[in-house]
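Q: A structural model of the following input is requested.
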Amino acid sequence: MTRMPHDDVAARQNSSRVKTAMPGRNRLLFFLSIVLLVLALMSLFAPLIMERSIPIWLRFKAARSGLEISFTEVHAPFLRPIEIQNLQITRAGMGGPHFQLTAEKVEAGLSLAAIFGTSEKTPLLRSLRIRHARAWARGRGPESATEIDWPLLATLLPGRLDISADEIRLEQRFAQMVLRDATVFTSTGKSGALSIGSIAIRAPFLQNNFADVRGVARWEDNRLILGSLRLLDGLTVDALMFDLSRLGSARLGTELGISAFGGHIRTNVTTERNEKARIWDVAGTASAISLERLATALGVTEPVRGSLRASKFTFRGDPRDVVHATASVWTELVDFSWRERKADAIMLGANFYSRTMQLQQLYIKQRRNELTLSGETTIGSDWLNPDFRGDIVASLKDLGQFAELFGASPAAFAGAVAVRGRVHTRERNVDGELAITGDDLTVFYNPVDSLTARLGLDAKRLRLDELELKHNDDVLHANGAIDFARNQAFEVSAELSCQELGDYDLKLPLLGSPAGACKGKVESKGDATEYRAMVTGETGSFAISAETVAHNQSFTIEHLALVDGDIRADFTGEAVMIAPRKFRLTLTPASELRLDLPQDQTICLGGIKMSRGEAGIPPSKIVIDSNELSVDSQIYKLCRGHEEGQPVLIAIPSAPQPAATPAPTP
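A: Model (predicted):
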């Protein structure tokens, strides 16, 4: 057998290797060519397909979530963020739109890793950039509104946020908050920045603006954390966290921490959807906060002093169905004062659960005064007649200081009062009692040696069993009753006797300050629709009597008589309440009389003097309006307080003398 040369064998092996390598290279080149062709086709057709499909997809998804969406243009450049021009999203509410968002430009960068499914944790949106946004939310959405597609929103949470908003407005019935020129920039795992041009808060007794607010922002694990927001000296938002990690299951969370003037405020809010409604879970605490500095910082229009020693609040349930919710509150204020109202300590504790409102304690402590209230009521279908029970215990050793807490002048009240009582209502039946006793008192600037009052509740009837005020030999007695089952039908009577009326600080319109021994009686009877009152009084030789019928805020004076010895003047008229503690009294003379008024109308009028005579003018109508007296278009000023003035002179013409009887002829 002939052996082949060594060189020929090597050449054949090299030729075989070359033939084997050539097909592999050809396949790689072919694959790369296909990829390039696909990319080229995608670069040509993908933008067109995306620009046609994205608007359809957005409108479809918005309609499923009960939203209305509109925009002018959609651009989808290949391998670049999607651009949406003039975006507007609206959600209907009760009585108008509930939510609206507009933005001139929105850029959404898609993540290829999420699109091709290479990583489940990679967000679908690589970035989200919004420019010149405007958003507002007001009122609340209707209960029948379509539920938002929360899983879809969860997939749209981006890896990087870059948002600028011209205005964000949150409005409710009694309050609103407006943020202007706000920007936030942050990305996953990295700290960013937050800036707000101004924050305006408007609410009853609360108005303030915070300008140029800056802080830090962080976006991590679908949680947006804002911190170090300095609003004012001593008022800083330490952390405000929005938890969107469970957005897919319709669960949202918010945590707020504030350092406020040496104290702290902590709030936790979570909301989630169950089978029937959205449930809110709110918990908050506060401690060691100066009310004066806090009120000044927040722009409270009323002066407040003191400190919030501790407070806790919880709520769980649907705000639209408060009856089935649970809530609790506990608050303790120390050295509290508002305007002239002062208290050393105020504690309030209350719970609400299973339709039951439980007032654990309302405790007010002043230097020498203590008041404790407690009670419980069941809220059912009959709101007008709930079951209720309550207890009150009070030891008021300085009545003036306690009256000041409720806005009265401390000089108008003095002395010690003890109060004890209970009340219980069940199945529209009421029973209870209240006893009040006091010694060495001052009531509305008038001295009172002793006070005794007893009130009783029986079924649907409130009874004033006894009311007695004594000062030396002067006595005031009163009693009465109200029947709530008969249109609040009531009956009240009172009698007064005194040795010297001048001992009391009385200033009656036009009548001035009466003096002398006095007797008086008041009887009134009627219901909530109409009632009649009869008043009589006399002091010395002067007496007054009146009969009136009241309807709502007007009083018809059927008869008014002024008597001074043997001189008498009669009137009819009407009194109308034009404001609290202000009335307009119109009198028409029912008998012949004349008024002798001063020529100088700047002199105030105070008191009445009656005499026989023809001096003065016969008035057709007399009007008393607040501190003015008008007689036939002539206006005079009435005296105030202890101001000295000129009395109104009422002249009654002398009765004609009967003709002399002629003597009989012889």
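Q: so residue 201 touches residue 207, yeah?
A: Yes. Between residue 201 and residue 207 there is a contact at 6.8 Å, judged by Cβ atoms under 8 Å. Where C-beta positions appear, they are placed from N, C-alpha and C, glycine not excepted.
Q: More neighbours: which of the two?
A: Relative neighbour count places residue 201 above the other of residue 201 and residue 207, with 16 against 13, counting by other Cβ atoms under 10 Å.
Q: Check what pLDDT that one gets.
A: Predicted confidence (pLDDT) for residue 201: 85.
Q: State the distance from it to residue 168.
A: Counting by Cβ to Cβ, to the nearest Å, the separation of residue 201 from residue 168 is 13 Å.
Q: and what of residue 465?
A: 61 Å.
Q: Determine the number of other residues adjacent to residue 259.
A: A count of neighbours around residue 259, defined by other Cβ under 10 Å, yields 15.
Q: How is this protein divided into domains?
A: Following automatic domain parsing, the chain resolves into domains at 39-173, 566-655.
Q: Put together TSV for these, with mean pLDDT on each row.
A: Below are these laid out as TSV (pLDDT from 0 to 100):
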stretch	mean pLDDT
domain 39-173	78
domain 566-655	83
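Q: Adding mean neighbour count and distance to residue 290, write those out as CSV.
A: What follows is the domains of the chain, written out as CSV (neighbours: other Cβ atoms under 10 Å; distance: least, Cβ to Cβ, whole Å):
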stretch, mean neighbour count, distance to residue 290
domain 39-173, 15, 27
domain 566-655, 15, 34
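Q: So which of the ones you listed is nearest residue 359?
A: For those, proximity to residue 359 was assessed by Cβ to Cβ; domain 39-173 is nearest, at 26.2 Å.
Q: these two touch, right, residue 523 and residue 546?
A: No. Look at residue 523 against residue 546 with Cβ under 8 Å: they stay out of range, at 11.5 Å.
Q: These two: which is more packed in?
A: Comparing residue 523 with residue 546 by neighbour count (other Cβ under 10 Å), the higher total belongs to residue 546, at 18 against 15.
Q: who does that one bridge with?
A: Residues found in beta-bridge contact with residue 546 (criterion: DSSP bridges) are residue 535, residue 560.
Q: so where do the helices sit in the protein?
A: The residue ranges that make up the helices of the chain, judged by DSSP state H, are 6-64, 112-115, 150-155, 291-298, 399-405.
Q: give me the low-pLDDT residue ranges for the stretch 201-350 of the chain?
A: The stretch 201-350 of the chain contains residues with pLDDT under 70 at 205, 298-299, 301.
Q: right, and the domains of the chain - which one's nearest residue 196?
A: Nearest of the domains of the chain (Cβ to Cβ): domain 39-173, 9.1 Å.
Q: How far away from the center of its chain is the closest one?
A: Centroid separation for domain 39-173 versus its chain: 36 Å, with Cα atoms, centre = their mean, to the nearest Å.
Q: Surely residue 375 and residue 421 touch.
A: No. Between residue 375 and residue 421 there is no contact under Cβ under 8 Å: 11.3 Å.
Q: what touches both of these two?
A: When Cβ atoms under 8 Å, 6 or more residues apart in numbering defines a contact, the residues bordering residue 375 and residue 421 alike are residue 391.
Q: quick one: residue 527 and residue 489 touch, right?
A: Yes. Using Cβ under 8 Å, residue 527 is in contact with residue 489, at 4.4 Å.
Q: For those two, work out which one has more neighbours and name it.
A: Set side by side, residue 527 and residue 489 give different neighbour counts by other Cβ under 10 Å, the larger being at residue 489 (17 against 13).
Q: and that one, bridged to which residues?
A: Going by DSSP bridges, residue 489 is paired in beta bridges with residue 483.
Q: ok, now residue 326?
A: With DSSP bridges as the criterion, the beta-bridge partners of residue 326 are residue 316.
Q: Pretty sure it sits against residue 315.
A: Yes. At 7.5 Å, residue 326 counts as touching residue 315 under the criterion of Cβ under 8 Å.
Q: So for the two, which sits in the more crowded spot?
A: Neighbours were tallied for residue 326 and for residue 315 using other Cβ under 10 Å; the higher tally belongs to residue 315 (18 against 12).
Q: per-residue pLDDT, residue 506?
A: The score at residue 506 is 74. That number is its pLDDT.
Q: Need phi/psi at it.
A: Here is the backbone geometry of residue 506 (degrees, to the nearest 10): phi -120, psi 130.
Q: Next up, the contacts around it.
A: Residues counted as contacts of residue 506 (Cβ under 8 Å, 6+ apart) are 513, 514.
Q: try residue 254
A: For residue 254, the contacting residues are 240, 241, 242, 243, 267, 268, 269, 270, by Cβ under 8 Å, 6+ apart.
Q: Just the buried subset of these, please.
A: By the neighbour-count criterion of 16 or more other Cβ atoms under 10 Å, the contacts of residue 254 include these buried positions: 240, 241, 243, 267, 268, 269, 270.
Q: which residues are in contact with both of residue 523 and residue 546?
A: Here residue 523 and residue 546 have 533, 534 as joint contacts, going by Cβ under 8 Å, 6+ apart.
Q: roughly how far out does stretch 233-250 sit from the chain middle?
A: For stretch 233-250, the gap between its own C-alpha mean and the chain's C-alpha mean amounts to 26 Å (Cα atoms, centre = their mean).
Q: which residues sit in contact with the closest residue to residue 164 other than its chain neighbours?
A: With sequence-adjacent residues excluded and distances taken as Cβ to Cβ, 6 or more residues apart in numbering, residue 164 is closest to residue 183, at 4.5 Å. With Cβ under 8 Å, 6+ apart as the criterion, the residues that contact residue 183 are 163, 164, 165, 193, 194, 195.
Q: quick one: which of the residues you listed is nearest to residue 461?
A: Proximity of the contacts of residue 183 to residue 461 was ranked by Cβ to Cβ; the top entry is residue 165 with 61.7 Å.
Q: The closest one against residue 136, yeah?
A: No. In this structure, residue 165 sits apart from residue 136 without contact. The criterion is Cβ under 8 Å, and the distance is 10.7 Å.
Q: want to try a markdown table for the contacts of residue 183, with distance to residue 72 as columns?
A: A markdown table is the format used below for the contacts of residue 183 (distance: Cβ to Cβ, whole Å):
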| residue | distance to residue 72 |
| --- | --- |
| 163 | 20 |
| 164 | 19 |
| 165 | 20 |
| 193 | 31 |
| 194 | 30 |
| 195 | 29 |
